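In: predicted coordinates and the sequence they were generated for:
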Amino acid sequence: MKSHRARHSVQLAVTNLAVTEAFYAGILELPVQRSLTSIGAPDHLVLDMDGIALVFVDEDDVVRAHPVLRNRFSMFPRGIGVTLHFEVKDLEGISDAINEEGLEILYPLEIKPYGVKEMWCFDPDGYLVVLDEEREPAIKAGA
C-alpha cells in the first residue's frame, strides 16, 4: 500500500531522515509528513505535491531491502543529474537559515529579470534544490 495519494512518485535515498525532515519541513517549510508504517517496516518521509510525491527513504533501509545496491551507493554520489524545484515563501529567511546551517549554495539569492526571486543550493545529501519565490508586482506611479 502506498503511503501517499499521488499517482506518481520519485524515491530519494538519504543518509538521515531527521536531517532531511529538518531541511525540507523546517527550513523550506514544505508539507513533509512522516509515514505511518506497520511495525518493522522502514520509516520514510513523503512530500505529496499535486500528482507526484517525493518519498525520502533511509539509505540503510534501501540497502537492507536491496543488497545489490550497496556498491552503487558507494560508487556514485547522491543527486548527480537530479534537480528539485520548489516554489517557496520568504526566500530571504530561507536563504539566511541555509547560510546559518552551513549548507552549500550554488547560486545565491537573486532577483531575476523576469520578476522571480531565485537561489540554488544543495540539500544535506547533495541533491540540487532550486528555490523560487514570486515577487509582488510593482505598483506603477500614479496608478
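Out: Arrived safely. Residues are numbered from 1 along each chain as shown.
In: surely V130 and T83 touch.
Out: Yes: with contact defined as C-beta atoms under 8 Å, V130 and T83 form a contacting pair (6.1 Å). C-betas here are computed from N, CA, C, even on glycine.
In: show me which of those two is the more surrounded one.
Out: Neighbours of V130 and T83, each counted by other C-beta atoms under 10 Å, are more numerous for V130; the result is 15 against 10.
In: phi, psi of that one?
Out: In this entry, V130 is assigned phi and psi values of phi -110, psi 130 (degrees, to the nearest 10).
In: okay, and the beta partners of it?
Out: H85, W120 (DSSP bridges).
In: and the pLDDT for it?
Out: Each residue has a pLDDT score; the one for V130 is 97.
In: how close does it get to E110?
Out: Plainly put, V130 is 12 Å away from E110 if you go by C-beta to C-beta, to the nearest Å.
In: burial count for the closest residue to R135 other than its chain neighbours?
Out: Counting by C-beta to C-beta, 6 or more residues apart in numbering, R135 lies nearest to G115, which is 5.1 Å off, once chain neighbours are set aside. A count of neighbours around G115, defined by other C-beta under 10 Å, yields 11.
In: now swap in F73 and tell me
Out: Close neighbours of F73, defined as other C-beta under 10 Å, add up to 14.
In: show me the helices in this protein, by range?
Out: Taking DSSP state H to define them, one finds helices in the chain at 17-21, 59-65, 70-75, 91-100.
In: packing partners for the last one?
Out: In this structure, helix 91-100 packs against strand 105-111, strand 116-122, strand 128-134, with contacts taken as 3 or more C-beta pairs under 8 Å, 6 or more residues apart in numbering; DSSP states H and E.
In: ditto for the first one
Out: Secondary-structure packing of helix 17-21 (3+ C-beta pairs under 8 Å, 6+ apart): strand 44-49, strand 52-58.
In: note down every partner strand of the first one and its orientation.
Out: Paired strands of strand 44-49, with direction, are strand 32-34 (antiparallel), strand 52-58 (antiparallel) (DSSP bridges).
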